[in-house]
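1. After the sequence you'll find the predicted model.
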Amino acid sequence: MNKSKLSNAWKSEPPQRAGVRFMVGRDAGGRWIVSDREGRVGGLFTDRASAVHFAMFESDHLPGAVCCVPEEVTLSLDSAFDSRAMRPGIKVAGRA
């Protein structure tokens, strides 16, 4: 089965989901991922409930702001951790 990356999921998003801020799904390793549209907020979670709770909290519980993707879609946090995000002067939690 062909699995899509997060960036492809955002690009192919139907117009009725234009208000979606966060996507929740699994990565290739089976971990739960939350990522926002701009790749600025998100994280890895051990269970779906925690991932959805985080996304709902971050979106102020706005209806339609969180989308749980189908199982055949694989999410990735690549955009949040690419070279642009690691520019000098940007603080990353857990790094000196």
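-> Okay, I see it.
2. Counting by contacts, list what the helix ranked longest in the chain packs against.
-> Longest helix in the chain, counting residues (DSSP state H): helix 48-58. When contacts are defined as 3 or more Cβ pairs under 8 Å, 6 or more residues apart in numbering; DSSP states H and E, helix 48-58 sits against strand 22-26, strand 32-36, strand 42-45, strand 66-68. Heads up, the C-betas are built off the backbone N, CA and C, glycines and all.
3. What is the shortest one packed up against?
-> Going back to what we said before, that points to strand 66-68. Packed next to strand 66-68, using 3+ Cβ pairs under 8 Å, 6+ apart, are strand 22-26, helix 48-58.
4. could I get those as TSV with mean pLDDT?
-> Converted to TSV, these look like this (pLDDT from 0 to 100):
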stretch	mean pLDDT
strand 22-26	94
helix 48-58	95
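5. which one of the ones you listed is the most hemmed in?
-> Across those, the average number of neighbours (mean count of other Cβ atoms under 10 Å) peaks for strand 22-26, which reaches a mean of 22.
6. Need the residues that contact that strand.
-> Outside of strand 22-26, the residues within contact range by Cβ atoms under 8 Å, 6 or more residues apart in numbering are 6, 9-10, 32-37, 41-42, 48, 51-52, 55, 58-59, 65-71, 73-75.
7. any chance you could read off phi and psi for Arg37?
-> phi -60, psi -40 (degrees, to the nearest 10).
8. from memory it sits against Ala55, does it?
-> No - contact criterion Cβ atoms under 8 Å: Arg37 and Ala55 do not qualify, at 11.7 Å.
9. Student question: in this structure, what's the helix or strand with minimum average pLDDT?
-> When the helices and strands of the chain are scored by mean pLDDT, DSSP states H and E, helix 6-11 comes last with a mean of 47.
10. returning to what we had before: give me the common contacts of Arg37 and Ala55.
-> 21-22.
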